[in-house]
Structures are given as structure tokens and as C-alpha cells.
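from the sequence below, what's the structure:
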Amino acid sequence: MQSQKQFKRRFSFEFFPPKTEQGKEKLQAVRDRLAAVNPDFFSVTFGAGGSTRDRTLETVVNLHQQGISTAPHLSCVGGTRESVAELLDLYRDNGINRIVALRGDLPSGMGAAGELRYANELVSFIREHSGDAFNIEVAAYPEFHPQARNAEEDLKNFARKVEAGANSAITQYFFNADSYFYFIDRLEQLGVTIPVVPGIMPIVNFSNLVRFSEMCGAEIPRWIRKQLEAYGDDSASIRKFGEEVVTEMCQKLLAAGAPGLHFYTLNQAEPSINIWQNLGIDQGEKIAF
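Predicted coordinates for the structure are as follows:
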């Protein structure tokens, strides 16, 4: 963990672009609640195959103009160099200086990945097209990508993204801090020393958590799964237990030197804020971006 201790801690929250006017109003309220704790930035997801392109762009620009730096997710699956370049120019023209560069998921029925097949190719293209205009975030998988052939290949894939020009990384969520520590140790052995910020998923709904985890390959430890199952439909107990478990893991991560936390909010404020307050994070006053 020595490589991670040298970096200034940063804290961020992730949203998905709303589909309706009601969703936009809800996200605005969530944004205002989370902005009050002065995060370093927000991020906004990008649908499979670019399916939310326009909504992501609208959401990012709107949030960014309200005073907190906002980073769009940008996927290369299903896109062309021309379409990616167009988005990069739009973001740069709107003052955006951070991009979360991802391979992305191939939507059902889509036959080809596109001109840029992998995240390292996307990172290379961003650098080729935009130079150093963007701080580039990439994804990391402490429990390894579900489509990786093996653990060693997955580590090499991550190193390729760094070699291509990535500045820092955000991990897939996990509930076992040791998987993160091991991942960082392996990266250090490869000479990869960029900041790798743990992704944090608050536990709010057990069935949704199981569904998300099966899709992204995140492991729910058996003892956590069994306890959540025992609560049945008792949502208050699920939230309370989940808050305690995730808070304790975050404390362990920060104490060991993790360079911050990135919260997957699912467009909800309170679960992340409760963990934030339990941790006693004080971001102080910030100058509007």
C-alpha cells in the first residue's frame, strides 16, 4: 500500500443520467445534498453502447455548471473515433477536465464492439486527440474482471491502460478490503503506482445488490449474504447492517492508506451521506469549480 499513501485523498459520488423530468428533479435534490459535503467531483455513467449519450452529456454539463467538477463516463463500445472525438470536444468546450474512460458493455444484439475495442485503446485515443486536456480515470477490478481469462491477464490489462496515459483509477465495488490490498500489492510489483480509489456501494436493497453483483462480478461474502437474507423484508435492518459493514470497511481502507473513496450512489443521497458522517470526513471549504 506504500504507493497509495503518497496521494492526497479525494472523495467523489457517482450518478446515472435520469430518464424523466421527475428523475431530473430527484437528482437535483440528491446533488444539492451531496454537494453540501464538498466532494472533489461527481461522475455520471454512460449507458451500454452509448445508449445514454445525450442524457449523460446534458447531466454532466448541468451538474458541472453548478459548481462541482463533474466527470462523464465515456465508453468506446459501439462508437467510432469520430463520435468519441466529437464528445471530447463538447466536454472540453464546456469546461470538463476529467473523463472516466471505459470499454463499456456490448448491448444485446450489437454485433461489433466498434473501432476502439478496449479501454487502453480509448485512453490512447483521448491522449492523441486531446493531449493533457483531461485527467483520465480508468476502471480497476480488485476481484478481477468477470470476463478476464485469468488474474494475471487482468493485471496486465490494467497496466496497459496506465501505459496508455491513465492518471488514476476507480475500482469496482467490493466488500472484502483484503482483495483491494492484494490488488494494490500486485500492481506495485508490476511498477504501477497511480492512485487507485476504492469504489463503495452502500447496501440498501438486498435483491438489487445481488443482481448488480452478479452482473459485474463483485463478490458478496457469505456472512454478509446470510445476514441480509435473514432480515427478509426488514428494510430498516438491512440498511442499518449494511451501513455498519460498509463503514467499517471504509475505515479499514482509509487507515491502510487508500487515496479516498468513490461512492456509487444510485441517485440516492442518504446511504452515502450516512457512511460519510460515520467516517467523520471533513472536506472543509472549497472554491467553486
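
hey, which helix or strand in the chain has the poorest pLDDT?
One helix or strand of the chain scores below all others by mean pLDDT, DSSP states H and E: helix 53-65, with a mean of 91.

what about the longest helix seen in the chain, average pLDDT?
Longest helix of the chain, by residue count under DSSP state H: helix 235-256. What helix 235-256 shows for mean pLDDT is 97.

distance between it and the chain's centre?
From the chain centre to the centre of helix 235-256 is a distance of 18 Å (C-alpha atoms, centre = their mean, to the nearest Å).

next, the buried residues of it.
Ile238, Arg239, Phe241, Gly242, Glu243, Val245, Val246, Thr247, Met249, Cys250, Leu253, Leu254 (16 or more other C-beta atoms under 10 Å). C-beta: built from backbone N, CA, C; applies to glycine.

quick one: list the elements packing against that helix.
Helix 235-256 makes packing contacts with helix 177-189, strand 196-200, helix 222-231, strand 260-264, helix 270-279 when contacts are defined by 3 or more C-beta pairs under 8 Å, 6 or more residues apart in numbering; DSSP states H and E.

what are the C-alpha coordinates of the least confident helix or strand of the chain, in CSV please?
Taking C-alpha atoms only, helix 53-65 is exported to CSV below (Å, rounded to 0.1, in the frame of the first residue of the first chain):
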residue,chain,number,x,y,z
ARG,A,53,-25.0,9.6,-24.7
ASP,A,54,-27.3,12.7,-24.9
ARG,A,55,-28.6,12.3,-21.3
THR,A,56,-25.1,11.8,-20.0
LEU,A,57,-23.9,14.9,-21.8
GLU,A,58,-26.9,17.0,-20.5
THR,A,59,-26.5,15.8,-16.9
VAL,A,60,-22.7,16.3,-16.8
VAL,A,61,-22.8,19.9,-18.2
ASN,A,62,-25.7,20.8,-15.9
LEU,A,63,-24.0,19.5,-12.8
HIS,A,64,-20.7,20.9,-13.7
GLN,A,65,-22.1,24.4,-14.2
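
sketch out the low-pLDDT regions of the stretch 51-200 of the chain for me.
51-52, 105-114 (pLDDT under 70).

now the strands: where do they sit in it?
70-75, 98-102, 135-140, 168-173, 196-200 (DSSP state E, counting those that start in this stretch).

and the last one with helix 270-279, angle?
With axes from the mean of the first three to the mean of the last three C-alpha atoms, to 10 degrees applied, the angle from strand 196-200 to helix 270-279 works out at 120 degrees.

partners of strand 196-200 in the sheet?
Take DSSP bridges as the rule and strand 196-200 pairs in its sheet with strand 168-173 (parallel), strand 260-264 (parallel).

quick one: the residue nearest in space to the middle of the chain and Tyr118, what's the gap?
Computing the C-alpha centroid of the chain and ranking residues by C-alpha atoms, centre = their mean puts Ile170 first, at 5.2 Å. As for Ile170, its distance to Tyr118 is 17 Å (criterion: C-beta to C-beta, to the nearest Å).

mind listing what Gly47 touches?
The contact partners of Gly47, taken as C-beta atoms under 8 Å, 6 or more residues apart in numbering, are Pro17, Arg53, Thr56.

count of neighbours near the last one?
In other words, Thr56. Neighbour count for Thr56, taken as other C-beta atoms under 10 Å: 23.

can you check the first one too?
Applying other C-beta under 10 Å, we find 24 other residues in the vicinity of Pro17.

ok, now Ala119?
25.

contact partners for the nearest residue to it once chain neighbours are set aside?
Of all residues not flanking Ala119 in the chain, Arg103 sits nearest, at 4.4 Å (C-beta to C-beta, 6 or more residues apart in numbering). Counting by C-beta under 8 Å, 6+ apart, Arg103 touches Ser75, Cys76, Val77, Arg117, Tyr118, Ala119, Leu122.

Arg103 and Glu58: what is the separation?
Distance, Arg103 to Glu58, using C-beta to C-beta: 23 Å.

then Gly131?
To Glu58, Gly131 is 26 Å away according to C-beta to C-beta.

nice, that's everything, thank you.
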